[in-house]
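> the following comprises the amino acid sequence and a computationally predicted model.
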Amino acid sequence: MTLKLMQGNEAVAMGALAAGCRFYAGYPITPSTEIAEVLSRQLPKLGGKFIQMEDEIASMAAIIGASIGGLKSMTATSGPGFSLMQENLGYAVMTETPCVVANVQRLGPSTGQPTSASQGDVMQARWGTHGDHPIIALSPTSVPQAFDLTVTAFNFSEKYRTPVILLLDEVIGHMRERFDMPDFENVQRVERLGVNVPPEWYKPYGDSVSDVPPMANFGDGYRYHVTGLFHDPMGYPTQRLDEIEAWIQRVNRKIERNLDEIILTEADGLEGAQTVVVAYGATVRSARHAVKLARQRRHKVGLLSLLTIWPFAEAEVARLAQNCRRIVVPEMNLGQLALEVERVAGRSKVRRVNLANGEMIHPQMILEAIEAH
Amino acid sequence: MSRLEQHSAYNYLRHTKKFPNVWCAGCGIGIVMGALIRAIDHLELDQNDVALVSGIGCTGRMPVYMDFNTMHTTHGRALAFATGLKLAQPRLKVIVIMGDGDALAIGGNHFLHAARRNMDLTAIVVNNAIYGMTGGQYSPTTPIDLRATTAPYGNVEPPIPVGELAIAAGAAFVARGTVYHAVELDRLIAQAIQKEGFSLVEAVSYCHTTLGRINKLGTAGDMMNTIKNNSVTLSAAEKMSEEDRQAKIVRGVLRDVERPGYLRLYDQVIERAIAQEASHAG
Ligand SMILES: Cc1ncc(C[n+]2csc(CCOP(=O)(O)OP(=O)(O)O)c2C)c(N)n1
Ligand code: SF4
């Protein structure tokens, strides 16, 4: 272990290396650039490769290409760049290509305020690319967690053959914290399921027990076809309704069947709580403080921190909603994940706390919502 | 062995993939596909070591028929996908197949930068001077005054000279051929594949279904004759006046220089990084 004062973005870069990332393609943008800078220095030392592409569209394309070539790959960006990545993000979903996209959110829309904090891309992370599709998005609340969740993001992407979005906010990306970084050998890494049949038998998108087909890398001797068109189990374009339907069902199922593993949350004092704060990202830090103050005033308050934002922790929130009187949802936006909480818990139970001017939510704002009648 | 099986292309086609292909009868894209297969066959490349990456369009449909590692990506982005693939698997010969709109309109930026980096890729641009797949809208290579479904009064935008653009951007090898001169095209593609760095082959192949129909340029056969009559070899072109040459499709190798490819350059980066790390540790 190495004790360090580390920045969130740096922790993402180190987490990526620990997870086995060996390819990065990106385009500079505040407040994510440090991730690229660290990896441009570190990757070649490990024989990995870094490339600064001509834009974010190309960056997203390059990491998919590299992943199909067998390397664990990532890119990092912020709002405007994340918007540009959406089409190829959909290609990664469609082709079931593992990759990690870090979006260090800044205040938008458009160029907005590059150095200001925001959680404005929550819905974009869910629905930014066109068409029905599953997605995984993780959001760390601290520097150590930025490291851990980056490793988790890679592990999920490999295990489920899906792009995973790391949704940081500017606060977590730029904040420095003390961090005992684990030795990389001690980090648990998941590798994509390889192929163990001869090439003649390989069905790149065939049914497998887990809904996640084994993945051959280009160059391994399994010559197959990858396309963004709907495809049959061999990977060839199809217009057959049954094959299209089967694809959509399977790809959604591979996430839905594994919600227990994918949905990561942290619970603090939910038992018997009359009010529960549901928060994610940097806002969790304000929420923790608010909850502490409220408890000092003898309110029965719990805190549910969502480390996995997508898929949404529906079952957990539904359970809470049955037992508590109020759910407070603080967000650095005008209310995005609150829509999900309201859908599950009912609007009357939910109190939103929103700030979308680039500042962090003050614990006092959350405390007021906890205490309001 | 049947006659079909004796054909040199037979081993390179995917027999599990249902033919016929998506192209119109008489389309030149199939001729480019044949030339590519013959070039690969001539070079005796192992099929496992070849990757074909395409974008979207009629041209983009080419890889699926061929038995290599094949990838049909998004419109305009094939070179960027191929860049990632090549960096991950340097052993692969990565060949990128694009239409003119694909390579030069939506993908123009990637085209410029792949050439500038001298990325170790071979790009084949099928220049049919129109957007074929979407039904005949004008493209960045549509000649002035020709009509398209979105240029009903004639195109006023000057076309991009594909090869010259690649040369300006720094490609190591640039050649132009046509689907009329198929044997020559085989050779140009084979030369391009062997080249270190970024190589480009522009294959002129007018789309009779859209460009031809809208502009009353005749049948597929008539348009082949137009290509034949309108093209000259590089050596013949050099004897022509600038004005006469402008009106011609100039065939041949337009550029062939030795420049280190990106992979070799990046190997230097890796060496420097490791050396620096060692000196810090020591
Ligand atoms: C982002 C995006 N924009 C537009 C399209 C629609 N589209 C499909 S093919 C094509 C143009 C094809 O022309 P070209 O690239 O010259 O190839 P060709 O079909 O002529 O071979 C367009 C505009 C698309 N698929 N994706
Ligand atoms: S539309 Fe034109 S380019 Fe497309 S297949 Fe038909 S002839 Fe070929």
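Yes, it's here. Ligands and ions are numbered 1, 2, ... in the order given.
> might one say that A:L138 is in contact with A:L166?
Yes - assessed by C-beta atoms under 8 Å, A:L138 is found in contact with A:L166 at 5.6 Å. (Glycine included, C-beta is placed from N, CA and C.)
> report how many residues lie close to A:V226.
By other C-beta atoms under 10 Å in any protein chain shown, 27 other residues sit near A:V226.
> check contacts around the residue nearest to it when sequence neighbours are not counted.
Setting aside the residues directly before and after it, A:V226 is nearest to B:M71 in space (C-beta to C-beta, 6 or more residues apart in numbering or on different chains), at 4.5 Å. With contact set as C-beta atoms under 8 Å, 6 or more residues apart in numbering or on different chains, B:M71 has these partners: A:65, A:68, A:218, A:225-227, B:51-54, B:63, B:81, B:85.
> for A:M53, give me its contacts.
Applying C-beta under 8 Å, 6+ apart, one finds that A:M53 lies in contact with A:A25, A:G26, A:Y27, A:S59, A:A62, B:A80, B:T83, B:H113.
> let's see that with 7 Å instead.
A:A25, A:G26, A:Y27, A:S59, A:A62, B:A80 (C-beta atoms under 7 Å, 6 or more residues apart in numbering or on different chains).
> got the phi/psi numbers for it?
Note on A:M53: backbone dihedrals following degrees, to the nearest 10 are phi -80, psi 180.
> ok, which stretches of chain A are helices?
For chain A, applying DSSP state H gives helices covering A:8-19, A:33-42, A:56-68, A:79-95, A:122-127, A:143-160, A:170-174, A:241-256, A:259-262, A:283-296, A:314-323, A:337-345, A:363-371.
> ditto for the stretch 51-200 of chain B
B:78-88, B:100-101, B:108-117, B:162-169, B:182-194 (DSSP state H, counting those that start in this stretch).
> where in chain A is pLDDT low?
Applying pLDDT under 70 to chain A flags residues A:207.
> point me to the residue of it nearest ligand 1.
A:E87 (6.1 Å; C-beta to the nearest ligand atom).
> neighbours around that residue, how many?
19.
> I'd say it and B:T73 touch.
No - A:E87 sits out of contact with B:T73 when judged by C-beta atoms under 7 Å, with a separation of 10.3 Å.
> contacting residues around A:Q119?
Counting by C-beta under 7 Å, 6+ apart, A:Q119 has contacts A:Q105, A:D169, A:G281, A:T283, A:E331, A:M332, A:N333.
> now, which of those sits nearest chain B?
A:Q105 (24.3 Å; C-beta to the nearest C-beta).
> got the contact list for the closest one?
A:S78, A:G79, A:S118, A:Q119, A:G120, A:D121, A:L167, A:L168, A:D169, A:E170 are the contacts of A:Q105 under C-beta under 7 Å, 6+ apart.
> one step back: got TSV for the contacts of A:M53, with neighbour count and distance to A:V341 too?
Converted to TSV, the contacts of A:M53 look like this (neighbours: other C-beta atoms under 10 Å in any protein chain shown; distance: C-beta to C-beta, whole Å):
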residue	neighbour count	distance to A:V341
A:A25	30	36
A:G26	29	33
A:Y27	23	34
A:S59	30	33
A:A62	33	37
B:A80	34	38
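> now the residues you listed in a markdown table, please, with extra columns for distance to B:V183.
Below are the contacts of A:M53 laid out as a markdown table (distance: C-beta to C-beta, whole Å):
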| residue | distance to B:V183 |
| --- | --- |
| A:A25 | 39 |
| A:G26 | 44 |
| A:Y27 | 43 |
| A:S59 | 40 |
| A:A62 | 35 |
| B:A80 | 32 |
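> now for those residues: which two are most distant?
Spatial extent of those (C-beta to C-beta) is set by the pair A:G26 and B:A80 at 12.1 Å.
> so where's the stretch 101-250 of chain B shaky on pLDDT?
In the stretch 101-250 of chain B, no residues with pLDDT under 70.
> for chain A, give me its nearest residue in it.
For the stretch 101-250 of chain B, C-beta to the nearest C-beta, closest residue to chain A: B:H113, 4.3 Å.
> quick check: closest non-adjacent residue to that residue.
Closest to B:H113 by C-beta to C-beta, 6+ apart is A:E54, at 4.3 Å.
> find the residue at the geometric middle of chain B.
Closest residue to the average C-alpha location of chain B: B:I124 at 1.3 Å, with C-alpha atoms, centre = their mean.
> so chain A: which segments form each domain?
Following automatic domain parsing, chain A resolves into domains at A:2-186, A:265-371.
> ends of the last one, how far apart?
Chord length of domain A:265-371, first to last residue, is 24 Å (C-alpha to C-alpha, to the nearest Å).
> how far is it from where the chain is centred?
Between the centre of domain A:265-371 and the centre of its chain there are 19 Å (C-alpha atoms, centre = their mean, to the nearest Å).
> tell me the centre residue of chain A?
Short answer for chain A (C-alpha atoms, centre = their mean): A:A137, at 2.5 Å.
> quick one: residues contacting that one.
If you count contacts by C-beta under 7 Å, 6+ apart, A:A137 has them with A:A125, A:I165, A:L167, A:I309, A:W310.
> before we move on, what about A:R325?
Per C-beta under 7 Å, 6+ apart, neighbours of A:R325: A:Q274, A:T275.
> please tell me how far it sits from ligand 2.
64 Å (C-beta to the nearest ligand atom, to the nearest Å).
> then A:R352?
A:R352 is 53 Å from ligand 2, by C-beta to the nearest ligand atom.
> now do the contacts for that residue.
Listed by C-beta under 7 Å, 6+ apart, the contact set of A:R352 reads A:V329, A:G335, A:A338.
> report the separation between it and B:A39.
Remark: distance between A:R352 and B:A39 (C-beta to C-beta, to the nearest Å) = 63 Å.
> rewinding a little: winner for burial among the helices of chain A?
helix A:56-68 (a mean of 31; mean count of other C-beta atoms under 10 Å in any protein chain shown).
> is chain B within reach of that helix?
Yes - for helix A:56-68 and chain B, the contact criterion (C-beta under 7 Å from any C-beta of the partner chain) is met by A:I57, A:A58, A:A61, A:A62, A:I63, A:I64, A:G65, A:A66, A:I68.
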